[in-house]
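Colleague: Predicted model follows, preceded by the sequence.
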2 protein chains.
Amino acid sequence: MTRILIVEDDPTINNLICEYLTEKDFDCSQAFSGTEGRLLFDMETFDLILLDLMIPGLTGEALIAHIRSASQVPVIVLSAKAALEDKVQLLSTGADDYLTKPFELEELLARIRVQLRHKASGSSPASAALHYKDWKLDEQARAFLVKGERLELTAHELGIITLFMKYPKKVFTKQEIFESVWHQDYFVEDKTINVHISNIRSKLKETGTDSYIQTVWGIGFKLKE
Amino acid sequence: MTRILIVEDDPTINNLICEYLTEKDFDCSQAFSGTEGRLLFDMETFDLILLDLMIPGLTGEALIAHIRSASQVPVIVLSAKAALEDKVQLLSTGADDYLTKPFELEELLARIRVQLRHKASGSSPASAALHYKDWKLDEQARAFLVKGERLELTAHELGIITLFMKYPKKVFTKQEIFESVWHQDYFVEDKTINVHISNIRSKLKETGTDSYIQTVWGIGFKLKE
DNA sequence: AGAAAAGTTTAAGAAAAGTTAAAGATTAAA
DNA sequence: TTTAATCTTTAACTTTTCTTAAACTTTTCT
């Protein structure tokens, strides 16, 4: 389902848009401040972002800049500002379209569809990001984010995390991990996987999420329930 | 066969749905309260859940949250509430679809088929779960649940339980258990299996289900009828 | 009933599995 | 080519699980 993030501080307008779009089969998340919007953007993956410019916590412009530093997701700005210079500046900043308040919901929907169509026709196959608790993994960018912050992992470490996040309930034996991540038959020293797990955990420790990787004695490893 | 859980406190409606779906070749389980629904969900595995929101014992919302904490099974909400805000919240809470009462059974069937189709096309390999009375065993997650609660077992203990649950009527000799679980010929001390059985029973004792493992004198062990 | 066989339980040492730090080997980058 | 990063292996250490032994209980057989 298409996921849309609505960043709008006025609850009435936010809910109105949310209800309308939900009815139209979109999956909406709501943020009521710039900082909340940034948090949601960092932690989840959206197909489109609706953004009010006049929001507390972080200016709309700053949020666009933040979004553009990490993603090409379409951004439609909702603004009371009508002055042309603002519009121009916005579009050059990174917004893909704008709508001046008040606007008709039908028009909003039409513009959303336009942006999504652009997105769909252009570019690469969108690789959905994986989520697990407050971990986020963007496979395409090979970026691993904890609580929105990037954590540097080596190739094998990322491979192991990716495997875990694809099947968050499965227990993986060391053999399974090795064959899946190394793409070879299992003949490395048994301990190698252990060492990598240990290294991943120690990197995770800084984020307080090292307990997410659990040891299943006699079997292997898995993500926490 | 496709298994559907119906959580609906009105017996007339519950039975009506159950009979209709049974006729359409679904395997239905009925719950008449939120708590009963949770119990059945924890103990068995369903392909889809129909959930009335206005149920005694546990609110529908809380039940959805509980379900979502453990599973991606499709949930269709049956509700008398027509207010849009409720629908929005529901869908964002974790429901996959909703139907406002009164509804046609044909529409319900259509929506069930849509959800099952979605499920089938998407994602992860279905991990078959084993069931025996109020025991549930998820082989992929290596999780053993008694009355919905996880019970920690060591690798060998889990191996023994798995063997029993695969053939719930068979009597296993100690030699069979050893060769099946240890993957070796039988030359350990005879008593080893006994000790493991004893340890399993003592862990089960906390759940009140230790009597499920029965001793067959002179032969071995089996699950209770 | 009494003896023998089979099963149960507890406890303790042995064995297996896992963790971590560190050093050497390998690979990639500057 | 030199430097840096990553990977594998080794080894000492910790934790969990397994096996054995021994004392005790229940069932079966004579």
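Modeller: Ah, there it is.
Colleague: Count residues in the vicinity of residue A:46, would you?
Modeller: By other CB atoms under 10 Å in any protein chain shown, 22 other residues sit near residue A:46. Any C-beta I mention is one placed from the backbone N, CA and C, and that applies to glycine too.
Colleague: How about the secondary structure of residue A:42?
Modeller: With DSSP: H, G, I helix; E, B strand; the rest coil as the basis, residue A:42 sits in helix.
Colleague: Thought residue A:136 was touching it, still the case?
Modeller: Yes - under the criterion of CB atoms under 8 Å, residue A:42 makes contact with residue A:136 at 7.4 Å.
Colleague: Between those two, which contacts overlap?
Modeller: Residues touching both residue A:42 and residue A:136 by CB atoms under 8 Å, 6 or more residues apart in numbering or on different chains: A:145, A:148.
Colleague: In the strand or helix carrying residue A:39, which residues have enough neighbours to count as buried?
Modeller: Assigned by DSSP states H and E, residue A:39 falls within helix A:34-43. By neighbour count, with 16 or more other CB atoms under 10 Å in any protein chain shown as the criterion, the buried positions of helix A:34-43 are A:34, A:36, A:37, A:38, A:40, A:41, A:42, A:43.
Colleague: Residue A:112 versus residue A:103, what's the distance?
Modeller: 12 Å (CB to CB, to the nearest Å).
Colleague: okay, those two: which has more neighbours?
Modeller: Neighbour totals were compared for residue A:103 and residue A:112, and residue A:112 leads with 22 against 14 (other CB under 10 Å).
Colleague: my guess is the more buried one meets residue A:46, correct?
Modeller: No - using CB under 8 Å, residue A:112 is not in contact with residue A:46; the gap is 11.8 Å.
Colleague: overlap in contacts of the two?
Modeller: Counting by CB under 8 Å, 6+ apart, the residues touching both residue A:112 and residue A:46 are residue A:4.
Colleague: tell me the domain ranges of chain A?
Modeller: Listed domain ranges for chain A are A:3-121, A:130-223 (source: automatic domain parsing).
Colleague: The ones you listed: which one's closest to DNA strand C?
Modeller: When those are compared by CB to the nearest atom of the strand, domain A:130-223 sits nearest DNA strand C, at 3.6 Å.
Colleague: So which elements touch the longest helix seen in chain A?
Modeller: The single longest helix within chain A, with elements called by DSSP state H, is helix A:105-121. Under the contact criterion of 3 or more CB pairs under 8 Å, 6 or more residues apart in numbering or on different chains; DSSP states H and E, helix A:105-121 touches helix A:11-23, strand A:48-52, strand A:75-79, strand A:97-100.
Colleague: pull the CA atoms of the longest one into PDB?
Modeller: In other words, helix A:11-23. C-alpha atoms of helix A:11-23 as PDB (Å, rounded to 0.1, in the frame of the first residue of the first chain):
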ATOM      1  CA  PRO A  11      -4.900  18.700  13.900                       C
ATOM      2  CA  THR A  12      -8.100  19.500  12.100                       C
ATOM      3  CA  ILE A  13      -6.500  19.800   8.800                       C
ATOM      4  CA  ASN A  14      -4.100  16.900   9.400                       C
ATOM      5  CA  ASN A  15      -7.000  14.600  10.400                       C
ATOM      6  CA  LEU A  16      -9.100  15.800   7.500                       C
ATOM      7  CA  ILE A  17      -6.400  14.900   5.000                       C
ATOM      8  CA  CYS A  18      -5.600  11.700   6.700                       C
ATOM      9  CA  GLU A  19      -9.200  10.500   6.700                       C
ATOM     10  CA  TYR A  20      -9.700  11.400   3.200                       C
ATOM     11  CA  LEU A  21      -6.500   9.700   1.900                       C
ATOM     12  CA  THR A  22      -7.100   6.700   4.100                       C
ATOM     13  CA  GLU A  23     -10.500   6.400   2.400                       C
END
